[in-house]
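J.: how would this look folded up:
(one chain, ligands or ions: 1)
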Amino acid sequence: MGRYDGRVAIVTGAARGIGAGIAKRFADEGAAVAVLDLDEGQASATAGGLGAAKALGVGCNVTDEASVQDAVARVVAELGGLHVLVNNAGITRDNLLFKMTVDDWDAVLGVHLRGAFLMSRAAQKTFVEQKYGKILNLSSVSANGNRGQANYSAAKAGVQGFTRTLALELGAFGVNVNAIAPGFIATEMTDDTARRLKMDVDEFRRLNAEANPVKRIGHPEDIAAAAAFLCSDEASYITGQTLYVDGGAKI
Ligand code: NAI
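T.: Predicted coordinates:
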């Protein structure tokens with residue numbers, strides 16, 4: 001018996017990185033998992049590798065209302081329901097304020113905030129009708145401010161307010177809404193940051209490990225373990241919270 005037997009989970013931006021790690025953990029614990037990402041081929045390839053009894057890859061742009069509605073309807077129809085939504089899709093467009101373009105600002109706010117809003121609004125219908133649902137949003141330690149990330153920091157702080165508000169609105173309908181704020185996690189996103197800073201990826205990871213209280217960087221599995229707890233029934237009295245999974249980096 002797995003904690004997620006009989007559950008259907010959507011993880012956005014799950015073709016790779018943290019999302020793929022969360023999708024894998026849900027599948028290992030018995031869930032049917034829908035991997036949503038921009039490219040349906042990549043989403044399907046990741047879904048096929050999860051080893052789940054039922055998995056589905058869906059091409060979806062979380063900033064596009066019609067794409068989101070189609071994707072959620074398809075998951076409910078093909079996987080037989082919906083119980084868990086993880087709003088994980090994300091991008092960075094880092095720059096100091098004086099160099100940040102309107103496009104950089106809009107793109108980042110769009111994926112993290114508009115995306116989480118559209119996905120949550122589409123999923124809540126099923127959740128409220130069945131009086132059961134779990135929403136997990138990906139925030140970041142950058143919510144507390146990070147040089148060069150005015151757009152990303154604002155978006156990730158916004159995610160925390162969005163989380164608390166959905167928890168207030170949906171609690172009476174059996175829906176828990178929480179967030180995880182990761183610290184440095186080794187993925188393409190942080191490797192891209194290293195390249196943008198013209199640093200060697202391994203050296204960038206080593207320096208981040210050295211600066212961390214527990215002297216290591218994080219991996220998608222670290223976030224997946226926390227996600228699997230927060231979206232489980234063991235956590236049904238936990239809602240509106242943001243859990244920092246960062247090796248203590250925030251303190
Ligand atoms: P990643 O860049 O490896 O993966 C992000 C995925 O989101 C990609 O597969 C991408 O195609 C997808 N995506 C981007 N825009 C999309 C859209 N409009 N619609 C659907 N999918 C879209 O990133 P990573 O590191 O796995 O990050 C996952 C989440 O965790 C993001 O929300 C990120 O901001 C957050 N996070 C990551 C940290 C890290 O150190 N890697 C730290 C804190 C938060």
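
J.: what segments of the stretch 51-200 of the chain are strands?
T.: Using DSSP state E, counting those that start in this stretch, the strands of the stretch 51-200 of the chain run over residues 55-59, 84-87, 133-138, 175-182.

J.: against which helices or strands is the last one packed?
T.: Here strand 175-182 touches helix 115-130, strand 133-138, helix 150-170, helix 220-230, strand 242-245, going by 3 or more CB pairs under 8 Å, 6 or more residues apart in numbering; DSSP states H and E. Where you see a C-beta, it was placed from the backbone N, CA and C, and this is true even at glycine.

J.: return the most buried member of those.
T.: With neighbours defined as mean count of other CB atoms under 10 Å, the helices and strands packed on strand 175-182 peak in mean count at strand 133-138, which reaches a mean of 25.

J.: rewinding a little: could you dump the helices and strands packed on strand 175-182 to TSV with mean pLDDT?
T.: TSV is the format used below for the helices and strands packed on strand 175-182 (pLDDT from 0 to 100):
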stretch	mean pLDDT
helix 115-130	98
strand 133-138	99
helix 150-170	98
helix 220-230	98
strand 242-245	98
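
J.: which residues of the stretch 1-150 of the chain lie near the ligand?
T.: 12-13, 15-19, 37-38, 60-63, 88-91, 111, 115, 138, 140 (CB under 6 Å from any ligand atom).

J.: rerun that using 8 Å as the cut-off
T.: Within the stretch 1-150 of the chain, the positions near the ligand by CB under 8 Å from any ligand atom are 12-21, 36-39, 42, 60-64, 87-92, 110-112, 115, 138-142.

J.: filter those to the buried ones?
T.: 12-21, 36-38, 42, 60-63, 87-92, 110-112, 115, 138-142 (16 or more other CB atoms under 10 Å).

J.: filter the residues you listed down to just the ones in helices.
T.: Residues of these located in helices (DSSP state H): 17-21, 42, 115.

J.: looking at those residues, which is nearest Trp105?
T.: Gly115 (14.9 Å; CB to CB).

J.: partner residues bridging Cys135?
T.: Small correction: residue 135 is Ile, not Cys. Leu85, Val177 (DSSP bridges).

J.: now do the contacts for the residue of the stretch 51-200 of the chain found nearest the ligand.
T.: In the stretch 51-200 of the chain, the residue that lies nearest the ligand is Gly90 (2.5 Å; CB to the nearest ligand atom). Taking CB atoms under 8 Å, 6 or more residues apart in numbering, we find Gly90 in contact with 13, 111-112, 138, 189.
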